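*Asks:* Could you look at this predicted model? Sequence included:
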Amino acid sequence: MEQEEIYSKVLRAGRRTYFFDVRATKAGDYYLTVTESKKFTNDDGSFHYKKHKIYLYKEDFTEFNTILAEMTDYIVNEKGQEVISERHQKDYVKEEFPSEESKDDKASESFTDVSFDDI
């Protein structure tokens, strides 16, 4: 069972929220939990969250920090600070596919209206 939170910070990042929580072991030492919570919307408009959690203990802090710094530095050095994705591009326009209904409307627009009273 998880222990009570000693110290907490929250990072909100769009659909994701990161929780950083210092907790105490049964022996009274501290460890860190990092929880990613991601919001998903159901078809009916309701929503749910998926959570992923890691536990980080003091004996791993130094090596974890070293590798984290190395990996983040590598990404920034290789790709820069700016986010690169379709959704984040300034000229991004979401391509929408016509529904079957709108396809039928467009098909009927190409025919000339005929009045059967004229025949």
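*Replies:* Happy to help now that I have it. Residues are numbered from 1 along each chain as shown.
*Asks:* Strands of this structure, residue ranges please.
*Replies:* 5-13, 16-24, 30-41, 47-57 (DSSP state E).
*Asks:* would a markdown table of those with mean pLDDT, distance to residue 71 and mean neighbour count be doable?
*Replies:* For glycine as for every other residue, the C-beta is placed from the backbone atoms N, C-alpha and C. Listed next are these as a markdown table, based on pLDDT from 0 to 100; distance: least, CB to CB, whole Å; neighbours: other CB atoms under 10 Å:
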| stretch | mean pLDDT | distance to residue 71 | mean neighbour count |
| --- | --- | --- | --- |
| strand 5-13 | 93 | 18 | 10 |
| strand 16-24 | 95 | 16 | 15 |
| strand 30-41 | 93 | 15 | 14 |
| strand 47-57 | 93 | 15 | 11 |
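*Asks:* out of those strands, which comes closest to residue 82?
*Replies:* When these are compared by CB to CB, strand 5-13 sits nearest residue 82, at 15.9 Å.
*Asks:* which helices and strands does that closest one pack with?
*Replies:* Under the contact definition 3 or more CB pairs under 8 Å, 6 or more residues apart in numbering; DSSP states H and E, strand 5-13 sits against strand 16-24.
*Asks:* What strands line up against the strand it packs on, and which way round?
*Replies:* strand 5-13 (antiparallel), strand 30-41 (antiparallel) (DSSP bridges).
*Asks:* Let's have the strands of the chain in TSV, adding distance to residue 84.
*Replies:* What follows is these, written out as TSV (distance: least, CB to CB, whole Å):
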stretch	distance to residue 84
strand 5-13	16
strand 16-24	18
strand 30-41	21
strand 47-57	24
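*Asks:* Out of those strands, the one nearest residue 79 is which?
*Replies:* Of the strands of the chain, nearest to residue 79 by CB to CB is strand 5-13, at 17.9 Å.
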